[in-house]
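>>> Need a 3D model of the following:
(2 chains)
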Amino acid sequence: MTSSTASIHALPQADSAAVEVRSISKNYNEVEALRSIDLDFPRGKLTTLLGPSGCGKTTLLKIIAGLIEPTSGEVRVNGKPVTGPGPERAFVFQDFALMPWATVMRNVAFGLELKGMGKAERQSIARHYIAEVGLTGFEDKYPHELSGGMRQRVGLARAFAVNAEVLLLDEPFSAVDEQNRRKFQEDLLRLVEKERKTFIFVTHSIEEAVYVSDRIVLLSRRPSRVSQIIEPKVDRTASPDAIRRDQGYLDTVEEIWQGLKHYVD
Amino acid sequence: MTLYGYRVPMMASLLVWCVIWELVGQSGLMFLVPPLSAVLVAGFAMVQTGTWQSAAIITLHSFAVGMAFAIVVGITLGVLMGRFKAVDELFSIWVNIFVSAPLSALVPVLMILFGMGETTVIVTVFLFAVWIIVLDTRAGIQHVPKSLIEMGRSYGASTFALYGKIVLLAALPEILAGIRLGLVRGVKGVVIGQLLVAIIGYGELFELYSRSFDMENFWALTIILFAAAMLMSAAIEYIEKKVDYYAGVR
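Down below sits the predicted model:
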């Protein structure tokens, strides 16, 4: 743990990659899910993994998280090889992964609780991030009392609370209804701007990818490889509604769709 | 339930059956069924006797010790079987045999092993209760969402914290259901054990009253036993409902 914090300070260059993926392959018995993936995830940017369903985006994300072992290859975070989950990475789950028996407060503070932080301290940090995701007043509610969108806000607050440098988001909005998703995407952009962390985001929605990403990595169908890397030219200082009508935004969506179309039968 | 526009209170059916019992008893058709009122009178007298009180204490003690072992062993084995395939394959055949086997047949063998005393009764309670707890715990552990375990791992939970703070709590509804069913089976176990050993506790009283055709006391004993079993089961069910409330979304 001490060595990892040391290496964080040893690598302050803003332009270096926070996460490096080096020739990662993953086979499930006969099935080849990922074939020799090489990728750099720049520090402080939001990079999206996008591809046809079942292409192994989530597998790659979980390998980066240290939750799945790759068959071969290596992931380095701040230059340090990944051997398992670590405190410099935090994960946001597709199905929220909230503890149904715990309140919003305890769920958000859970990462800190596992680190052994005292109750008062972790609750004050949790309270800050509960406010950041717009859930003030819901601290004592249980997950089943919240809507899908609110539950995922809890999941996001939990990831922010541990103050990891790299946030891994596995299709965080896929179980959230359409209207809430739009609002949530806007809030996420604001938090990306504010928190200055490295985000790796998995989605199967082209619009969502273009709307939130600095960089989009297109993965091909199984066995998955990097087929294209796109940097959307979207003016993010504009209002959310203006972005969705921006020509750069629309062109990028179209470009990605043309690239992915042949994977869809 | 409503009848002719009136709300029928809960337990009304029980009252109906009590009245039928009383009528059958008063008619004197069957000497095995004395009137309920006579049974209740005998029951009140019985619970004040030293014989009944010491029998009840012995019975409760055997039951509590047997159940405590059954819960600890049952949950431990259930967790291991739910998490590790090898353990599951090794034990599942035995658990499945014993959960449905007529265990009463084993009690004479237990008597040879553990003697004609309380130990045999405790072992009987344990054997009656433990298997359903194992099976329900195993099912609960297997249904713990994978993402909750991944969540624990990715936020740095130690193995101890992973089980104590996540896995066991997530499986709690099933574990409690197992304990409730185990309790009911344990009551059977304690009575059957004591009946077959026949010289201690409630079993001794049952034997005594049924041999001398003292049906008032016999039925009073039975009613107390049933009421105790139902109360315990209801208490666990109450906890289960509270837990289900928290576990509503999974």
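>>> Strands of the stretch 101-250 of chain A, start to end?
Taking DSSP state E, counting those that start in this stretch as the test, the strands found in the stretch 101-250 of chain A are A:166-170, A:198-203, A:215-219, A:226-230.
>>> and of these, who's closest to chain B?
Judged by Cβ to the nearest Cβ, the one of the strands of the stretch 101-250 of chain A that comes nearest to chain B is strand A:166-170, at 8.2 Å. For every residue, glycine as well, the C-beta is placed using N, CA and C.
>>> so what strands line up beside the closest one?
Strand A:166-170 pairs in its sheet with strand A:89-92 (parallel), strand A:198-203 (parallel), by DSSP bridges.
>>> Redo these as JSON lines? Include mean neighbour count.
Below are these laid out as JSON lines (neighbours: other Cβ atoms under 10 Å in any protein chain shown):
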{"stretch": "strand A:89-92", "mean neighbour count": "27"}
{"stretch": "strand A:198-203", "mean neighbour count": "24"}
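>>> Can you redo the ones you listed as TSV, where the extra columns are mean pLDDT?
Listed next are the strands paired with strand A:166-170 as TSV, based on pLDDT from 0 to 100:
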stretch	mean pLDDT
strand A:89-92	91
strand A:198-203	90
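>>> what stretches of chain B score poorly on pLDDT?
Flagging of chain B using pLDDT under 70 yields the residue ranges B:1, B:3, B:10, B:198, B:244-250.
>>> ok, which stretches of it are strands?
Ranges of strands in chain B, per DSSP state E, are B:2-3, B:6-7.
>>> quick one, which of these is nearest to chain A?
Ranking the strands of chain B by their distance to chain A (criterion: Cβ to the nearest Cβ) puts strand B:6-7 first, at 31.0 Å.
>>> Now do the helices in chain B.
B:12-27, B:36-47, B:50-83, B:85-100, B:107-114, B:118-142, B:146-154, B:159-161, B:168-170, B:172-197, B:201-211, B:215-246 (DSSP state H).
>>> Highest mean neighbour count out of the ones you listed?
Of all the helices of chain B, helix B:118-142 has the most neighbours on average by mean count of other Cβ atoms under 10 Å in any protein chain shown, namely a mean of 25.
>>> any idea how far it is from the chain center?
The gap between where helix B:118-142 is centred and where its chain is centred comes out at 10 Å by Cα atoms, centre = their mean, to the nearest Å.
>>> what helices or strands is it leaning on?
Judged by 3 or more Cβ pairs under 8 Å, 6 or more residues apart in numbering or on different chains; DSSP states H and E, the packing partners of helix B:118-142 are helix B:50-83, helix B:85-100, helix B:107-114, helix B:172-197.
>>> for those, which one sits closest to residue A:219?
With Cβ to Cβ as the measure, helix B:85-100 is the member of the helices and strands packed on helix B:118-142 nearest residue A:219 (32.1 Å).
>>> Let me know whether residue B:82 touches residue B:141 as I believe.
Yes - counting by Cβ atoms under 8 Å, residue B:141 is a contact partner of residue B:82 at 2.7 Å.
>>> what's the overlap in contacts for those two?
Residues within reach of residue B:82 and of residue B:141 at once, by Cβ atoms under 8 Å, 6 or more residues apart in numbering or on different chains, are residue B:171.
>>> Look up the pLDDT of residue A:15 for me, please.
For residue A:15, the pLDDT comes out at 57.
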